[in-house]
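> need a structure here:
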Amino acid sequence: MINSRMRTILFVTAAAVAVSACGADDVASPGEGVIVLPAPAPAPAPAPTPSPTPTPTGGPAADCPQGTANVGVLTLANSAEVRNCQVSGVIQGNLTLPNNAGTVYSLSGAVQVGQDAGADGSGASRSILTIEPGVVLFGSSGGDFLLVNRGSQIFAEGTATSPIVFTSRQNMTSATPNTADSIGQWGGIVILGRAPISNCTTGDVSNPGGTRTDCEAIVEGPTNAVYGGNAPADSSGRMSYVQVRYPGFEVSPGNELNGITLAGVGSGTFFQNIQVHNSSDDGIEWFGGRVNGKNLALTGIDDDSVDSDLGYKGFNQYVLAVQANGRGDHVWEADSNGDEDAEPRQDHTISNFTFVSSGQDHVILLRGGGDYALYNGVMSSTGACIDIDSATTIQAAGPDENGPPVFESVFLACATSFVDDGNVSTADIGNIFGGGSNNTASGTSTLDMIFINGANETAVSPFDVSAINSFLEAATYIGAVRDANDTRFQGWTCGLYAADAACEDVPATS
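Residues are numbered from 1 along each chain as shown. Purely as a prediction, here's the structure:
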């Protein structure tokens, strides 16, 4: 059964409220932010000493682990007391945040993992942050965020029964609990890598084929944080079974911190079993890079749930995105930031997705001369399903180009199937959509409990995606959630199922 509190934020058939949004063509040039990262004065590498013994009788731990600062006792909204261990500045060397009883961790300001190692990885400061299953971290304001620099890595690997939770101080302690409309209470997570990108702040602006090592850019949000390079298989570490609650922050107009920003992140990075909830900007945004993602849950996002641009090439499978009633922009927005001839050409594939929107904007917007493919998916909205912009997005295949967007086994249940806002006609979009197999342009949604396949969705024959890329699994169904017995998103997410905690509740601490 769906969590009753989540019912208030997920899609219902209510009147949609229009929300202004920043389209990908209007994405601010990276580096417009005003947050200034702390001066990179290296902190001493944490000594390899054991963590303090957890307090055995309950209550706050006696002290904090090596490499963190004891900033006192925090009283949670549920009246429990825990030790607040603060992480700040630049992490040098290896730092582990253990899941000690009676302990939570706070991010103070812009917390950096290492310093920029450069596009070729030659920089000297490469560090590792390891976060154990069940750890809870929080930020107090939009200026508190985690940034992993090029060459450094994060290993945040929870489990299905003990996820890692990043959240806000208000979610932890407020006497006035968070609600369905609580958003943007801390900064978010930014990961920077050395994989190719298409739009350069420095280097060759065309970056043909992504072969140049000098194509770099400044990421949105933080000031002077650089990403990009020529290492497609670069690894920024591993993230799995992670919740990111109430992130997002507008640094300046059109320049925001997302829930999770993946900028130039390489395919050697493991990124699966991730939930972003109630971000004030995008849920997950890919700026170029090659990292793939699987089992992604985006709930209550105030802008785009999924956003990709600047030459991202990758695969996502099992993507569940449900916008809040009356809030949100596109569920998926993709383009190339206005430079339609930039290389590497964007190539984003999503399979086994369920996109549910309350109609603030089109469910998906594809533009900017990229290559896009959607397989085995469900779209449901009181508004429109698909908008495709720009003649270059639907042009025939050519060098480094796959041609018009691909749709296979996609089920649309929207008030309007296709949109013509002055460029690509609904007839052209309809022809592209109709060119695939087992597509339904005007279906009736039978989704159960908002996002679980019903009879009409189950009746669609799936497309075998396993031959497209080894990352993609052959599935026997379309959509992200097969039926009520499908436990893919259960246990490690918040708010989706009755047996799981509500996102508004204080995260479970040891």
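> show me the strands in the stretch 201-350 of the chain, by range?
Taking DSSP state E, counting those that start in this stretch, the strands of the stretch 201-350 of the chain run over residues 217-218, 226-227, 237-245, 249-252, 255-257, 260-263, 270-277, 284-287, 293-299, 306-309, 313-322, 332-334, 347-357.
> same question, the stretch 401-510 of the chain
Assigned strands in the stretch 401-510 of the chain, in chain order: 406-419 (criterion: DSSP E, counting those that start in this stretch).
> thinking again about what came up before, nearest to residue 176, out of the strands of the stretch 201-350 of the chain?
Closest to residue 176 of the strands of the stretch 201-350 of the chain, according to CB to CB: strand 237-245, at 16.1 Å. The way it works is simple: take the backbone N, C-alpha and C, and place the C-beta from them, glycine included.
> what mean pLDDT does that closest one get?
The average of the pLDDT scores along strand 237-245 is 98.
> can you tell me the strand partners of it and which way each runs?
Strand 237-245 has the following strand partners under DSSP bridges: strand 153-157 (parallel), strand 164-168 (parallel), strand 270-277 (parallel).
> between the strands of the stretch 201-350 of the chain, which one is closest to residue 510.
The nearest among the strands of the stretch 201-350 of the chain, by CB to CB, is strand 237-245 at 15.6 Å.
> now residue 284: closest residue in space that isn't a chain neighbour?
Among residues not flanking residue 284 along the chain, residue 260 sits closest, at 4.8 Å (CB to CB, 6 or more residues apart in numbering).
> next: residue 127.
Residue nearest to residue 127 in three dimensions, not counting chain neighbours: residue 114, with 3.6 Å by CB to CB, 6+ apart.
> pLDDT score for that neighbour?
What the model reports as pLDDT for residue 114 is 96.
> next: residue 122.
On pLDDT, residue 122 comes in at 80.
> now swap in residue 43 and tell me
Here the pLDDT value assigned to residue 43 is 41.
> just residue 36 next, same as before
Predicted confidence (pLDDT) for residue 36: 37.
> can you name every helix or strand that the longest helix anywhere in the chain contacts?
Taking DSSP state H as the criterion, the chain has its longest helix at helix 426-434. Applying 3 or more CB pairs under 8 Å, 6 or more residues apart in numbering; DSSP states H and E, we find helix 426-434 packed against strand 371-388, strand 406-419.
> any low-confidence regions in the stretch 151-300 of the chain?
Residues of the stretch 151-300 of the chain that meet the criterion pLDDT under 70 lie in 204-213.
> so which residue is smack in the middle of the protein?
residue 284 (2.1 Å; CA atoms, centre = their mean).
> now do that one against residue 482, distance only.
From residue 284 across to residue 482, the span is 23 Å (CB to CB, to the nearest Å).
> same question for residue 174.
As judged by CB to CB, residue 174 and residue 482 stand 37 Å apart.
> same check, this time on residue 275
Residue 275 is 19 Å from residue 482, where distance means CB to CB.
> go on, residue 468?
Residue 468 sits 20 Å away from residue 482, going by CB to CB.
> test my guess that residue 396 contacts residue 432.
No - Residue 396 lies out of contact with residue 432 (CB atoms under 8 Å); the separation is 11.8 Å.
> those two: which is more packed in?
Neighbours per residue, other CB atoms under 10 Å: of residue 396 and residue 432, the larger number sits with residue 432, 20 against 8.
> I'd say that one and residue 408 touch.
No - using CB under 8 Å, residue 432 makes no contact with residue 408, being 11.8 Å away.
> now do the helices in the chain.
Counting by DSSP H, one finds helices in the chain at the ranges 169-173, 426-434, 455-458.
> please identify the most buried of those.
Most buried of these by mean neighbour count (mean count of other CB atoms under 10 Å) is helix 169-173; its value is a mean of 21.
> not counting its own residues, what contacts it?
Helix 169-173 is contacted by residues 74-77, 104, 106, 136, 138-140, 178, 182, 185-186, 245-246, 503-504, 506-507 when judged by CB atoms under 8 Å, 6 or more residues apart in numbering.
> report the buried members of those residues.
By neighbour count, with 16 or more other CB atoms under 10 Å, these hold 74, 76-77, 104, 106, 136, 138-140, 178, 182, 185-186, 245-246, 503-504, 506-507 as buried.
> and for residue 414, nearest residue in space, chain neighbours not counted?
Distances taken as CB to CB, 6+ apart put residue 385 closest to residue 414, at 3.9 Å, once the chain neighbours are dropped.
> now that neighbour: how far from residue 422?
From residue 385 to residue 422 the distance is 18 Å (CB to CB).
> cool, residue 326 as well?
In this structure, residue 326 and residue 422 are 27 Å apart, going by CB to CB.
> between these two, which has more neighbouring residues?
Using other CB under 10 Å, the more surrounded residue of residue 326 and residue 422 is residue 326, with 19 against 6.
> save the strands paired with strand 237-245 as TSV, and put in distance to residue 356 too.
Below are the strands paired with strand 237-245 laid out as TSV (distance: least, CB to CB, whole Å):
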stretch	distance to residue 356
strand 153-157	27
strand 164-168	23
strand 270-277	15
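> show me which of these has the highest average neighbour count.
Sort those by mean neighbour count, taking mean count of other CB under 10 Å, and strand 164-168 sits at the top with a mean of 26.
> okay, it in PDB with CA atoms only?
What follows is strand 164-168, C-alpha atoms only, in PDB (Å, rounded to 0.1, in the frame of the first residue of the first chain):
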ATOM      1  CA  ILE A 164      22.200   6.500   3.700                       C
ATOM      2  CA  VAL A 165      20.100   9.600   4.200                       C
ATOM      3  CA  PHE A 166      21.100  13.200   3.300                       C
ATOM      4  CA  THR A 167      18.600  15.600   4.600                       C
ATOM      5  CA  SER A 168      18.000  19.000   6.100                       C
END
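> just the residues contacting it, thanks.
By CB under 8 Å, 6+ apart, strand 164-168 touches 131-140, 146, 156-158, 178, 185-186, 189, 241-247, 507.
> again, only using 7 Å
Strand 164-168 is contacted from outside by 131, 133, 135-139, 156, 158, 185-186, 189, 241-246, 507, using CB atoms under 7 Å, 6 or more residues apart in numbering.
> buried ones in stretch 113-128?
Under 16+ other CB under 10 Å, the buried positions of stretch 113-128 are 113-119, 123, 125-128.
> same question for stretch 67-84.
So, applying 16+ other CB under 10 Å, buried residues of stretch 67-84: 67-68, 70, 74, 76-77, 82-84.
> and it, how far from the chain's centre?
28 Å (CA atoms, centre = their mean, to the nearest Å).
> swap in stretch 403-421?
Using CA atoms, centre = their mean, the offset of stretch 403-421 from its chain centre is 23 Å.
> how about that stretch: buried residues?
Buried residues in stretch 403-421 (16+ other CB under 10 Å): 404-414, 416-419.
> what does stretch 468-480 give?
Going by neighbour count (16+ other CB under 10 Å), the buried part of stretch 468-480 is 468, 471-472, 475, 477-480.
> how many neighbours does residue 103 have?
Residue 103 sits with 28 neighbouring residues when counted by other CB under 10 Å.
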